[in-house]
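A.B. asks: Quick one, structure for this:
(one chain, ligands or ions: 2)
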Amino acid sequence: MKKITLKTKNNNIPIFVGNKIVSKKMFSTLIKGKDVLIVTNKTVGKLYLNKIKKLLPSFTVKSIQISDGEKYKNISVFSKIQDFMIKNNFDRDVTVIALGGGVIGDLVGFVASTFMRGVKLIHIPTTLLAQVDSSIGGKTAINHPNGKNLIGSFYQPNCVIIDTEFLKTLPEKEFTSGLAEVIKYGVIKNHKFLRWLNNHANEIINKKKSILLKIVEISAKEKVNVVTKDEHESDVRAFLNFGHTLGHAIEASMKYKNILHGEAISIGMLYASMLSVEKNNLSIEDFNLIESTLKKLKLPTKVPTKITNKNLIKHMSFDKKKKGGKNRFVLLERIGFCVINTTIKEKYLEEMLKVFRG
Ligand SMILES: NC(=O)c1ccc[n+]([C@@H]2O[C@H](COP(=O)([O-])OP(=O)(O)OC[C@H]3O[C@@H](n4cnc5c(N)ncnc54)[C@H](O)[C@@H]3O)[C@@H](O)[C@H]2O)c1
Ligand SMILES: [Zn+2]
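C.D. replies: Residues are numbered from 1 along each chain as shown. Ligands and ions are numbered 1, 2, ... in the order given. Sure thing, here's the model as predicted:
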């Protein structure tokens, strides 16, 4: 088991990474009070809730299983969990465990940050995306009918337990989608890692245990590095949005149906790489390495035909990262080095989309 420490202004947060590491001993060392609330969804609950409960014999454990899906990351489910906590007389010593993917992590993080002005929180992420991205960094959120993640807080967990064993039951498509964020760390921070991913594509697809551990550990470290430098997303943390401007626009244009986040981000990363070739002299070799890694890991690279360019442009201008009336594009100078470009005009973006579709 590896321990990575996320150092924030107020705390040191341990992030444990390993295979089959969730254990009684770990819980009894980490949890201080008597009450524990596990929040999960019905899919993950069916697979893992009893197993986790068995590892908590010396605590008073309650659990809630919410419905599975992004649409349940909302205010009414948030209230339902708060009601449950109040009815059960939980006090400030309760420890809340978020067991699930990013939806559970975001929602439960927000619950923990607000119940009695903040209680202890342990993330046990069970998707690849949650293990390499959403469980690290302390961003919590629920959705509003007007947009995703509009309500939330920055709230760091007390620890994160990343156990790659959970990935065994993850649907193939979800796994592949999570790989887009893994590739992103290579592209924006770590050229060597990107080459390694490209050279080990088959072993990654086959989920070889040692390979999974390596990709999760390196990705978690990269995320920790960025968050350490910029806890509240003022500058370098924005580089994590590489590929997300077009990616979010694709997701929104498809009304968040029939495309997973990582799939949309994969397309967005290749588009941002192409803009980088034009605007920042990204070399063709670097562009080719990015494209080939996405393709080898079975991620999409073309905008779905049913979305119009007009629709994409409209959504790109609504993107949250658009500050001061300008599109803020994260581009690359070379693999591992990002820059923010605020001068790209919408007309140009549209022209490039035409080329990009081929
Ligand atoms: N807070 C952040 O910094 C941050 C960063 C990125 C994304 N997010 C958020 O994360 C969410 C997406 O997270 P996600 O991709 O993990 O989706 P998700 O939580 O919906 O999980 C995807 C699917 O996998 C299932 N699942 C989870 N673990 C499983 C397992 N081990 N075995 C079998 N099935 C399993 C879930 O039930 C679900 O159906 C979005 O709401 C997004 O906004 C947050
Ligand atoms: Zn993302």
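
A.B. asks: can you count the residues close to residue 55?
C.D. replies: Residue 55: 15 surrounding residues under other CB atoms under 10 Å. The way it works is simple: take the backbone N, C-alpha and C, and place the C-beta from them, glycine included.

A.B. asks: right, and residue 247 touches residue 259 too?
C.D. replies: No: at 9.5 Å, residue 247 does not count as touching residue 259 under the criterion of CB atoms under 8 Å.

A.B. asks: Quick check on these two: which one has the bigger neighbour count.
C.D. replies: Using other CB under 10 Å as the criterion, residue 247 and residue 259 rank with residue 247 on top: 25 against 19.

A.B. asks: got the contact list for the nearest residue to the more buried one once chain neighbours are set aside?
C.D. replies: Distances taken as CB to CB, 6 or more residues apart in numbering place residue 268 nearest to residue 247, at 3.2 Å, with adjacent residues excluded. Contacts for residue 268 were tallied using CB atoms under 8 Å, 6 or more residues apart in numbering; they are 243, 244, 245, 246, 247, 248, 249, 250.

A.B. asks: Now do the helices in the stretch 51-200 of the chain.
C.D. replies: Assigned by DSSP state H, counting those that start in this stretch, the helices in the stretch 51-200 of the chain fall at 75-87, 102-114, 128-129, 172-189, 191-199.

A.B. asks: quick one, which of the ones you listed is nearest to ligand 1?
C.D. replies: The closest of the helices of the stretch 51-200 of the chain to ligand 1 is helix 102-114. By CB to the nearest ligand atom, the value is 2.1 Å.

A.B. asks: right, and residue 311 touches residue 255 too?
C.D. replies: No: counting by CB under 8 Å, residue 311 sits too far from residue 255 to count as a contact (10.8 Å).

A.B. asks: The contacts of residue 268 in helices, which ones?
C.D. replies: Members of these lying in helices (criterion: DSSP state H): 244, 245, 246, 247, 248, 249, 250.

A.B. asks: isn't the third one right up against residue 316?
C.D. replies: Yes: counting by CB under 8 Å, residue 246 does reach residue 316; the two are 6.6 Å apart.

A.B. asks: So for the two, which residue has more residues nearby?
C.D. replies: The neighbour comparison of residue 246 against residue 316 (other CB under 10 Å) goes to residue 246, with 28 against 25.

A.B. asks: before we move on, the earlier item: from the ones in helices among the contacts of residue 268, which single one is nearest residue 202?
C.D. replies: Of all the ones in helices among the contacts of residue 268, residue 202 sits closest to residue 247, with 25.8 Å by CB to CB.

A.B. asks: for ligand 1, what are the nearby residues on the stretch 101-250 of the chain?
C.D. replies: 101-104, 106, 126-127, 129-130, 133-134, 137, 139, 148-149, 166, 169-170, 174 (CB under 6 Å from any ligand atom).

A.B. asks: Mark which of these are buried, thanks.
C.D. replies: 101-104, 106, 126-127, 129-130, 133-134, 137, 139, 148, 166, 170, 174 (16 or more other CB atoms under 10 Å).

A.B. asks: shouldn't residue 198 be in contact with residue 294?
C.D. replies: No: with contact defined as CB under 8 Å, residue 198 does not reach residue 294; the gap is 9.7 Å.
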